[in-house]
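Engineer: Following is a predicted model, sequence given first.
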Amino acid sequence: YDHLQKERGGAIIPPLPEKQPVGRFSAAFVEDRRYHLEKFLRRVSLHPELADAKCLETFLRADDVTFHAAKNSKQYGEDMFSSTSVSMSMSMSTTMYGQPNPSMTTPKKKEGFKKWFAETKTSISGELVRSPDDDLFDEIHRYIHGIDAQMKGVSAHASGLVRKGKEMANGLFEFGLAFNLLGQSEGDSLGEALKKMGQVAERLSNLSTEHANREATQFEEPLQDYIKTIQAVKVALQRRHEKRVTFSTYLSEVEAKRMNLNKLRATPGQEGKAYAAEMSLRRGQEAADRAREEFEAVSQRVLREMDRFKREKADDMKQTVLSYINLQVQYNKQMEEIWASLIPQLEQVQLDVSAPMPAPTPQQAQPPTQAPPPQTMLQPPQQQQVMQQQQFLQPIGQPQPQMMGGMQHPVPAVSNPNQLSVQYRQPPASGFL
């Protein structure tokens with residue numbers, strides 16, 4: 001991965017799988033990391049900017065000795081002008097008899113520090129070389145930072161949905177366990193139906209767990225991988241910025257060396273130093289030309305990668321969203337089928353309720369309690385007065401008045417069909433007439 005960054009600066013390199021500090025030797029983690037490493041190699045092999053990289057060919061085809069030598073080599077995979085400068089220094093490090101010159105074979109550490117200090121000074125000062133594509137790259141920077149924030153928000157909500165799906169699976173499992181315990185307390189068909197309800201809830205729990213795992217694999221992980229790809233785009237843009245700073249630094253050094261050469265040439269007796277300064281200026285100009293070529297190559301590579309990134313992003317997002325929608329449709333259909341299979345069983349329980357009740361147990365056979373005698377309804381005072389008046393007009397020797405239509409009427413006592421005899425009694429002292 002590091003060699004690809006050095007050899008093909010500006011390319012959007014696929015992200016590597018993350019490492020795990022704890023449990024990294026477990027079978028599950030080893031298998032997961034093996035799968036993602038194979039995925040990384042497939043992506044690199046199909047990458048238009050990385051497929052012909054020398055470090056990739058060495059990694060796939062070299063033997064053990066060549067592989068370890070290339071891995072431990074500091075010059076392997078560096079940029080073109082660095083490799084050229086190394087070869088030039090090696091050619092200059094030999095004497096006229098072909099023996100190595102010890103004073104020039106080992107690079108000095110202070111040269112690297114001076115280069116880093118010069119580039120940092122140029123970057124801080126902001127005196128960078130301008131190119132016709134600077135406005136386009138500024139727009140790319142704004143686009144990448146904006147989409148990074150949006151994708152992080154989408155990924156966070158997707159992770160929340162997956163987490164809620166797993167919580168729902170656990171809730172359905174506990175729900176089914178509660179119904180199974182409730183069904184065990186019932187001995188009739190209702191208990192069997194409750195047990196069926198618990199079994200259905202357990203099936204739904206398993207289905208929800210499987211659905212949550214599929215959501216994590218087909219929806220959550222692609223979004224997280226897309227965020228890592230956006231970080232790779234930022235790295236590519238950073239490589240282009242580094243090449244720009246390097247080119248600007250070489251230009252500043254060339255300008256300083258040119259001014260120093262002009263000063264030495266104007267000073268009498270400084271011909272030797274002027275010649276050395278001229279050689280230094282020539283080498284600085286060659287380094288600046290190589291830095292300019294490298295900067296242009298990286299800039300063009302970043303532009304090509306951005307075009308490819310936008311095309312693949314649209315297709316990947318389309319496939320991810322369609323996969324998520326189809327996954328939800330399939331999950332809800334399976335949920336509906338499982339719930340629908342329980343309806344006939346519950347309807348059968350309602351039919352069994354109208355069946356004859358079973359014989360009661362001896363503990364349940366208890367004598368029925370005697371109902372209290374009905375209470376006599378009190379009649380209104382006016383009706384009581386009418387009844388007392390009718391008693392005074394009761395026929396002699398005849399039966400008591402009968403109720404007809406809710407009212408009492410005197411029935412005359414007839415001894416002869418052709419004669420009607422009615423006898424009146426003296427009303428009481430507190431009579432009503």
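Structural biologist: Done, it's in.
Engineer: Cross-check the contact I'm expecting between Gln285 and Glu255.
Structural biologist: No. Using Cβ atoms under 8 Å, Gln285 makes no contact with Glu255, being 10.4 Å away. Quick note: C-beta positions are derived from backbone N, CA and C, even for glycine.
Engineer: So between the two, which is more surrounded?
Structural biologist: Gln285 (16 against 13; other Cβ atoms under 10 Å).
Engineer: and the more buried one, what element?
Structural biologist: Using DSSP states H and E, Gln285 falls within helix 271-340.
Engineer: Asn262 too?
Structural biologist: Assigned by DSSP H and E, Asn262 falls in helix 221-265.
Engineer: Let me see the mean pLDDT of that helix.
Structural biologist: What helix 221-265 shows for mean pLDDT is 90.
Engineer: Which residue ranges of the chain form helices?
Structural biologist: Using DSSP state H, the helices of the chain run over 2-7, 27-46, 54-61, 64-72, 80-92, 102-105, 109-125, 134-184, 189-215, 221-265, 271-340, 343-352, 381-392.
Engineer: Nearest approach to Pro15 belongs to which of those helices?
Structural biologist: helix 221-265 (3.6 Å; Cβ to Cβ).
Engineer: circling back: ok and the helix holding Asn262 relative to helix 189-215, angle-wise?
Structural biologist: Angle between the axes of helix 221-265 and helix 189-215 is 20 degrees (criterion: axes from the mean of the first three to the mean of the last three Cα atoms, to 10 degrees).
Engineer: Phi first, then psi, for Ser185.
Structural biologist: phi -80, psi -10 (degrees, to the nearest 10).
Engineer: For Met151, give me its contacts.
Structural biologist: With contacts defined as Cβ atoms under 8 Å, 6 or more residues apart in numbering, Met151 is in contact with Leu223, Tyr226, Ile227, Ile230.
Engineer: let's see it at 6 Å
Structural biologist: By Cβ atoms under 6 Å, 6 or more residues apart in numbering, Met151 lies in contact with Ile227.
Engineer: Show the model's pLDDT score for it.
Structural biologist: Met151 carries a pLDDT score of 92 in this model.
Engineer: ok, it to Lys318 distance?
Structural biologist: Distance of Met151 to Lys318, computed by Cβ to Cβ, to the nearest Å: 15 Å.
Engineer: Check Glu293 too.
Structural biologist: According to Cβ to Cβ, Glu293 stands 38 Å off from Lys318.
Engineer: low pLDDT regions in the protein?
Structural biologist: 73-127, 349-433 (pLDDT under 70).
Engineer: rewinding a little: between Glu293 and Lys318, which is the more surrounded one?
Structural biologist: Glu293 (14 against 10).
Engineer: separation between Gly146 and Ser155?
Structural biologist: To Ser155, Gly146 is 15 Å away according to Cβ to Cβ.
Engineer: ok, these two, which is more surrounded?
Structural biologist: Ser155 (19 against 10).
Engineer: Could you list which residues are in contact with the more buried one?
Structural biologist: Taking Cβ under 6 Å, 6+ apart as the definition, contacts of Ser155 comprise Leu223, Gln224, Ile227.
Engineer: Just among those, which is most surrounded?
Structural biologist: Leu223 (20 neighbours).
Engineer: That one: what's its closest spatial neighbour, skipping adjacent residues?
Structural biologist: In this structure, Leu223 finds its nearest non-sequential neighbour in Ser155, 4.3 Å apart by Cβ to Cβ, 6 or more residues apart in numbering.
Engineer: Please tell me how far the one you found sits from Ala51.
Structural biologist: The gap separating Ser155 from Ala51 is 29 Å, by Cβ to Cβ.
Engineer: how far away is Gln238 from Lys310?
Structural biologist: 19 Å.
Engineer: correction: Ala236
Structural biologist: Ala236 is 14 Å from Lys310, where distance means Cβ to Cβ.
Engineer: neighbour count winner among these two?
Structural biologist: When neighbours are counted by other Cβ under 10 Å, Ala236 and Lys310 differ, and Ala236 comes out ahead with 26 against 10.
Engineer: That one is in contact with Val302, isn't it?
Structural biologist: Yes. The pair Ala236 and Val302 passes the contact test of Cβ atoms under 6 Å, sitting 5.4 Å apart.
Engineer: so what sits against both of these two?
Structural biologist: Taking Cβ under 6 Å, 6+ apart as the criterion, Ala236 and Val302 both touch Gly10.
Engineer: Tell me the buried residues in stretch 238-252?
Structural biologist: 239-252 (16 or more other Cβ atoms under 10 Å).
Engineer: May I ask which two of those are separated the most?
Structural biologist: Applying Cβ to Cβ across the buried residues of stretch 238-252, the maximum distance is between Arg239 and Ser252, 20.5 Å.
Engineer: Report the separation between the nearest residue to Thr209 once chain neighbours are set aside and Lys195.
Structural biologist: Of all residues not flanking Thr209 in the chain, Ala169 sits nearest, at 4.2 Å (Cβ to Cβ, 6+ apart). Ala169 sits 20 Å away from Lys195, going by Cβ to Cβ.
Engineer: Number of residues surrounding the residue nearest to Thr209?
Structural biologist: 19.
Engineer: Same check on the one 4 residues further on?
Structural biologist: Other residues near Phe173 number 18, with proximity taken as other Cβ under 10 Å.
Engineer: For it, list the residues it contacts.
Structural biologist: Taking Cβ under 6 Å, 6+ apart, we find Phe173 in contact with Ser205.
Engineer: With Ile140 instead?
Structural biologist: Contacts of Ile140 (Cβ under 6 Å, 6+ apart): Met306.
Engineer: same deal with the one 4 residues further on?
Structural biologist: Applying Cβ under 6 Å, 6+ apart, we find Ile144 in contact with Val233.
Engineer: ok, now how distant is it from Tyr250?
Structural biologist: From Ile144 to Tyr250 the distance is 28 Å (Cβ to Cβ).
Engineer: and if you look at Phe67?
Structural biologist: 34 Å.
Engineer: What of Val298?
Structural biologist: 15 Å.
Engineer: ok, now Arg163?
Structural biologist: When distance is defined by Cβ to Cβ, Arg163 is 52 Å away from Tyr250.
Engineer: Now render the helices of the chain as a markdown table, adding distance to Pro15.
Structural biologist: Putting these into a markdown table (distance: least, Cβ to Cβ, whole Å) gives the following:
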| stretch | distance to Pro15 |
| --- | --- |
| helix 2-7 | 12 |
| helix 27-46 | 8 |
| helix 54-61 | 16 |
| helix 64-72 | 21 |
| helix 80-92 | 26 |
| helix 102-105 | 38 |
| helix 109-125 | 27 |
| helix 134-184 | 14 |
| helix 189-215 | 21 |
| helix 221-265 | 4 |
| helix 271-340 | 13 |
| helix 343-352 | 49 |
| helix 381-392 | 101 |
